[in-house]
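A.B. asks: output the structure for:
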Amino acid sequence: MQKFGTVRQFPIGLSHDARMYSCERLNKILADTQILYALYKKHHWLMRGPTFYQLHLLLDKHAGEQLELVDMIAERVQTLGGVAVGDPRHVAEITSIPRPPDGAEEVPAMLSRLLEAHETILIESHDAAARTMEMGDDGTNDLLVSDVIRTGELEAWFLAEHLVDTPLVHA
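C.D. replies: Residues are numbered from 1 along each chain as shown. This is a model prediction of the structure:
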């Protein structure tokens, strides 16, 4: 059995230290991304209001994209010789995304919660991408920049546009 937080030696041209560092950073981002996926599904199910249909579909689309990222990040950890965090209880221990209330929130609160989670992941990913590049881990850097960051920024933009103040027009 391989313990969490260790890496096996694979002939992929990266030092043990670079692979350990990347796995640690990726597992943190992986945990946060799994929580973001779950938040998207929760808010997708609990959506309401005049933009219900559009947001219901958008949040489900984003959830699917986050689930793809979960798989890509986990597979990168495994490729580096590490052990990807997968158990929901373990994910809950290492995530930095705050737990939402158990009930249904107002739509702006749900969207704001998603935006805050995105920003947490984006800050972590920008920092990890820069450091993994310095360590010569081009594969992890590429995953973070091309997939995690670009997807997160695009999704955050789509969410933020729903929070623009638009005055109601009474006919």
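
A.B. asks: so which helix or strand takes in Gly103?
C.D. replies: Under the criterion DSSP states H and E, no helix or strand holds Gly103.

A.B. asks: no, scratch that, I was asking about Gln9
C.D. replies: Using DSSP H and E, no helix or strand contains Gln9.

A.B. asks: ok, Leu67 next?
C.D. replies: Using DSSP H and E, Leu67 sits within helix 52-79.

A.B. asks: shaky segments in the chain?
C.D. replies: For the chain, the stretches with pLDDT under 70 are 165-171.

A.B. asks: give the other helices and strands that the top helix by length along the chain contacts.
C.D. replies: Using DSSP state H to define each element, the chain has its longest helix at helix 16-46. When contacts are defined as 3 or more Cβ pairs under 8 Å, 6 or more residues apart in numbering; DSSP states H and E, helix 16-46 packs onto helix 52-79, helix 88-94, helix 107-134, helix 138-142. For every residue, glycine as well, the C-beta is placed using N, CA and C.

A.B. asks: let me know the angle separating the third one from helix 52-79.
C.D. replies: Angle, helix 107-134 to helix 52-79, by axes from the mean of the first three to the mean of the last three Cα atoms, to 10 degrees: 20 degrees.

A.B. asks: oh, and call the first residue 626 from now on, that's how I've got it
C.D. replies: Taking 626 as the first residue, the last one we looked at is helix 732-759.

A.B. asks: for helix 732-759, packing partners?
C.D. replies: Helices and strands touching helix 732-759, by 3+ Cβ pairs under 8 Å, 6+ apart, are helix 641-671, helix 677-704, helix 763-767, helix 775-785.

A.B. asks: the residue most central in space within the chain: what's it in contact with?
C.D. replies: For the chain, Thr658 is the residue whose C-alpha lies nearest the centre (Cα atoms, centre = their mean; 2.6 Å). Applying Cβ atoms under 8 Å, 6 or more residues apart in numbering, one finds that Thr658 lies in contact with Gln691, Leu694, Val695, Ile698, Ile746, Val773.

A.B. asks: just give me the neighbour total for Glu690.
C.D. replies: Neighbour count of Glu690, defined by other Cβ atoms under 10 Å: 17.

A.B. asks: picking up where we left off before, closest one of the contacts of Thr658 to Met645?
C.D. replies: Using Cβ to Cβ, Ile698 is the member of the contacts of Thr658 that lies nearest Met645, at 16.1 Å.

A.B. asks: wait, that closest one touches Lys653, no?
C.D. replies: No. The pair Ile698 / Lys653 is not scored as a contact, 10.1 Å apart, by Cβ atoms under 8 Å.

A.B. asks: which residues sit in contact with the closest residue to Val632 other than its chain neighbours?
C.D. replies: Leaving aside its sequence neighbours, Val632 sits nearest to Gly706 (Cβ to Cβ, 6 or more residues apart in numbering; 4.0 Å). In this structure, Gly706 makes contact with Val632, Arg633, Gln634, Phe635, Arg644, Cys648, judged by Cβ under 8 Å, 6+ apart.
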